[in-house]
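Student: sequence and predicted structure, then a few things I'm wondering about:
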Amino acid sequence: MSMSDAVKHKKLVFSGMQPTNTLHLGNYLGALKNWVKIQDEMPCIYCVVDMHAITAVGYGKPEELTRSIREVAAAYIAAGVDYTKHPIFNQSRVPAHAELAWIFNCVARMGWADRMTQFKDKAGKHKERVSVGLYTYPMLMAADILVYKATHVPVGEDQKQHLELARDIAQKFNTDYNAPDFFPLPEPVIVEAGTRVMSLRDGAKKMSKSDESDMSRINLTDGADTIAQKIRKAKTDPNPLPDSEKGLEGRPEAENLINIFAALSDRPRSDVIGEYAGKQFSEFKTALADLAVAKLTPIAGEMRRLLADSTEIDRILKDGAERVSAIAEPVIRETKKLVGFLG
Ligand code: TYM
């Protein structure tokens, strides 16, 4: 962000996750863990992006979607987001997101949207069969952030391109409507460790909710035995662990497990490599499983407790939506005025 941006816009964090299937270790290390950290530094808003969820796999499954919205909210709280200070809400409750997304659909150019690699990945070979919503998804994401004039967005690396698009949209709107600095240019906040957690079965693929193999990911709701088994069975190569960062080159599975260890233990990667240099994977995996179980099972336990009675979560989400609406409403009102809408 330029100096003028930092001065003109108050620091505000916004981020979100899609309620589709269960959250996994990649979501936790790439995003959620950092959300909890950053909440001590700046005010934050954390959203369950349920409208994004119906662009693809969440479509046509109402009960599953509702369950998933609650589960994601429970994960935020269980991981340590302080919802009394930093509102948690579900996107569809605040209509300003959809209103601004429409305007942004008209700001963004086809060429910009065409470049989005996530769309290409998700659409695969059947572009003509995916929803139009999947294509316009990044414009809704830009609206999520900018309807609050948020300045910082903690995400995993896979969202970086979407964030660049959000900046381009903000800039073009400001220029086209002669409103310099109306929208801030939001910054991605991407931390080094854990920013790209890979599949446990294939070090070249990112850990993902949509991978067919459950063994490829550690779900936030997995129990201790499941976590240990998935780590034990994680793909590795036959060599012992290297003694330097350079030794990880060309060994994506080893690198992934070391990264996970470093991120879970909040230690530099070099430190972890130093400790396990020359050791066998079996030994390292036992230590990693213990660490993962110690860090993740309390979150799963707290999620279970929260989900046992959904009235509390529903109340938290409704309250959060009311609080963030008060921020979004003046922004959308002013945006519409700038566009020239009457009313
Ligand atoms: P979603 O729901 O796919 O993922 C939620 C967050 O988890 C991160 N993540 C990962 N990080 C590291 N390694 C992985 N394997 C991994 N998989 C997922 C993602 O980077 C993300 O931070 N478009 C967003 C949701 C969204 C959003 C927003 C985010 C909608 N509006 C506004 C920020 C601001 C998405 O699909 O995330």
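Tutor: Structure received.
Student: secondary structure class for Phe14?
Tutor: When classified by DSSP: H, G, I helix; E, B strand; the rest coil, Phe14 comes out as strand.
Student: do I have it right that Ile88 meets Ala73?
Tutor: Yes: Ile88 is within contact range of Ala73, at 5.7 Å (criterion: C-beta atoms under 8 Å). In short, each C-beta sits where N, CA and C put it, glycine included.
Student: what touches both of those two?
Tutor: Here Ile88 and Ala73 share the contacting residues 48, 316-317, scored by C-beta atoms under 8 Å, 6 or more residues apart in numbering.
Student: adding distance to the ligand and secondary structure, write those out as JSON lines.
Tutor: Putting the shared contacts of Ile88 and Ala73 into JSON lines (distance: C-beta to the nearest ligand atom, whole Å; DSSP: H, G, I helix; E, B strand; the rest coil) gives the following:
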{"residue": "Val48", "distance to the ligand": "9", "secondary structure": "strand"}
{"residue": "Ile316", "distance to the ligand": "19", "secondary structure": "helix"}
{"residue": "Leu317", "distance to the ligand": "16", "secondary structure": "helix"}
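Student: now the residues you listed in a markdown table, with distance to Ala224, pLDDT and neighbour count?
Tutor: Formatted as a markdown table, the shared contacts of Ile88 and Ala73 follow (distance: C-beta to C-beta, whole Å; pLDDT from 0 to 100; neighbours: other C-beta atoms under 10 Å):
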| residue | distance to Ala224 | pLDDT | neighbour count |
| --- | --- | --- | --- |
| Val48 | 27 | 98 | 27 |
| Ile316 | 28 | 98 | 21 |
| Leu317 | 29 | 98 | 21 |
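Student: if we take those, which one ends up nearest to Asp237?
Tutor: Minimum distance to Asp237 across the shared contacts of Ile88 and Ala73 is 38.5 Å, recorded for Val48 (C-beta to C-beta).
Student: quickly list what the closest one is bridged to.
Tutor: When bridges are assigned using DSSP bridges, the partners listed for Val48 are Met17, Asn90.
Student: wouldn't it be in contact with Phe89 here?
Tutor: Yes: using C-beta under 8 Å, Val48 and Phe89 qualify as a contacting pair, with a distance of 7.2 Å.
Student: now list whatever residues contact both of the two.
Tutor: Residues within reach of Val48 and of Phe89 at once, by C-beta under 8 Å, 6+ apart, are Leu317.
Student: which residues touch the closest residue to the ligand within the stretch 1-150 of the chain?
Tutor: For the stretch 1-150 of the chain, the residue closest to the ligand is Gly30, as judged by C-beta to the nearest ligand atom, at 2.0 Å. Taking C-beta under 8 Å, 6+ apart, we find Gly30 in contact with 155-158, 194-197.
Student: out of those, who's near the ligand?
Tutor: Restricting those to those near the ligand by C-beta under 6 Å from any ligand atom leaves 155-156, 158, 195-197.
Student: quick revisit: which pLDDT value belongs to the residue of the stretch 1-150 of the chain closest to the ligand?
Tutor: Note on Gly30: pLDDT of 92.
Student: which non-adjacent residue is nearest it?
Tutor: Gly156 (2.9 Å; C-beta to C-beta, 6 or more residues apart in numbering).
Student: touching the ligand at all, stretch 116-136?
Tutor: No: contact of stretch 116-136 with the ligand (C-beta under 6 Å from any ligand atom) is absent, the minimum separation being 7.6 Å.
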